[in-house]
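[1] Structure for the following, please:
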Amino acid sequence: MLERRKPRLGTLDVIPVAVVADRETTRGALLALMDEDAELVAAGEASSPEEADKLLASPDVRVILVSLPLSADGSEPPGLAFIRHAKKVRPDIGIVSLKRDVDEHRLRAALDAGADACCMVTTPQTRLVQAIKAVAAGATWLDPEISKVLLHPSQRATGTAAPRLSPREEQILRLLTHGYTNEEIALRIACAPATVKTHLLHLFRKLGVRDRVSAAVAALRAGIF
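    Numbering: from 1, shown residues only. Just a heads-up that it's a prediction; the model follows:
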């Protein structure tokens, strides 16, 4: 039986997607998800706005996924600055802004900066792929979880964990999906790195995976949050 090969970058049959994210785990999870869809192909990655300039220079790129941190000094967040710059330099590129927290002000700021779509970092794979294909076609997209916040600011969307996870496991998985290291997670939840490692081993077993990137992919695919 002949294996069907995925069309390569540069052909008309695929949507070239680049990823700009400061966290290595986030980049790896997003790139892995694209490998699973026949219509998407990775067109590059960057960890900062400065590195991402080379992506804007590539005529192949049609969509860029952006997940960058908030500024530490109160200045404009690098993600917003990059989105505004990218739209000025390459208005033909679709921008999908990926948010780590549901915050109405930040969501509206991303849209005002020129983002064509807003999703959560933990948005399920099927909806994220829909968003990518929508902006590649010139449309706009708001993930349902984000739409609820913008249309009903007093209501926050809630999710049901599947498989069943403890509150601490959900907390650690969310931080892992956002790209934090074991040491960073330990600082945030006030425990020892060894304790985080133990929780991760339990998480990997429940999710049926063996590493951090696969766990993040599983969380995105299942829409755990």
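[2] Now do the phi/psi pair for residue 186.
    Phi and psi for residue 186, reported as degrees, to the nearest 10, are phi -60, psi -40.
[3] how near is it to residue 100?
    For residue 186, the distance to residue 100 (CB to CB, to the nearest Å) stands at 19 Å. Where you see a C-beta, it was placed from the backbone N, CA and C, and this is true even at glycine.
[4] which stretches of the chain have low pLDDT?
    1-12, 71-75, 102, 148-163, 221-225 (pLDDT under 70).
[5] report the longest helix in it, please.
    Across the chain, the longest stretch assigned as helix under DSSP state H is helix 193-207.
[6] which residues make contact with that one from outside it?
    Residues from elsewhere that reach helix 193-207 (CB atoms under 8 Å, 6 or more residues apart in numbering): 163-165, 168-169, 172-173, 176, 182-183, 185-186, 189, 210-212, 214-215, 218-219.
[7] So which bits of that helix are buried?
    If you call a residue buried by 16 or more other CB atoms under 10 Å, then helix 193-207 has these buried ones: 195, 196, 199, 200, 203, 204, 206, 207.
[8] Save those as a markdown table, and put in distance to residue 35 too.
    Formatted as a markdown table, these follow (distance: CB to CB, whole Å):
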| residue | distance to residue 35 |
| --- | --- |
| 195 | 33 |
| 196 | 28 |
| 199 | 28 |
| 200 | 23 |
| 203 | 22 |
| 204 | 20 |
| 206 | 24 |
| 207 | 18 |
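[9] Check for me that residue 118 belongs to a strand.
    Yes. Remark: residue 118 belongs to a strand, assigned using DSSP: H, G, I helix; E, B strand; the rest coil.
[10] what is it paired to in the beta sheet?
    Counting by DSSP bridges, residue 118 forms beta bridges with residue 97, residue 142.
[11] Tell me how far residue 170 lies from residue 94.
    Residue 170 is 31 Å from residue 94, by CB to CB.
[12] Over to residue 44. Which of the three states is it?
    Going by three-state DSSP, the secondary structure assigned to residue 44 is strand.
[13] Just confirm it contacts residue 20, I think it does.
    No. Proximity of residue 44 to residue 20 does not meet the contact threshold set by CB atoms under 8 Å, at 9.0 Å.
[14] Looking at the two, which is more packed in?
    Remark: of residue 44 and residue 20, residue 20 carries more neighbours, 28 against 19, as counted by other CB atoms under 10 Å.
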